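> With the input below, show me the fold.
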Amino acid sequence: MAKKAKKRTVRGRKQDRARVAGGQDYEVRYEAKKTHRSKAAVKKAVKKVGSSRRKVERRLAR
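Numbers count the residues shown, from 1 in each chain. Have a look, this model is predicted:
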């Protein structure tokens, strides 16, 4: 009897997009380009407010 394939969902991807991984250079570069700020400013914002993308973007918009 064949095993049934697990249904794939997009939930994991959506949760991942809601975060900014401060240690991942490509994510920091993307956020810096998007907000027109430096990579150092993005890393500082992640350290200050956490990894929530919304909070980081709000912090960088100041």
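> okay, which residue is most central for the chain?
Centroid check for the chain by Cα atoms, centre = their mean gives Val20 as the closest residue, at 2.4 Å.
> any idea of the pLDDT on it?
The model reports Val20 with a pLDDT of 92.
> Ramachandran angles for it?
phi -110, psi 120 (degrees, to the nearest 10).
> For Ser51, see how far away it is.
Remark: distance between Val20 and Ser51 (Cβ to Cβ, to the nearest Å) = 5 Å. To be clear about C-beta, it is placed using only N, CA and C from the backbone, and glycine gets the same treatment.
> Likewise for Gln24?
10 Å.
> So these two - more neighbours on which side?
Ser51 (15 against 10; other Cβ atoms under 10 Å).
> and the more buried one, what does it touch?
19-22 (Cβ atoms under 8 Å, 6 or more residues apart in numbering).
> so which of those is the most crowded?
Neighbour-wise, the contacts of Ser51 (other Cβ under 10 Å) top out at Val20, 23 neighbours.
> Next one: Lys34, what pLDDT does it get?
94.
> check which helix or strand covers it.
helix 25-35 (DSSP states H and E).
> I'm done for today, thanks for sticking with me.
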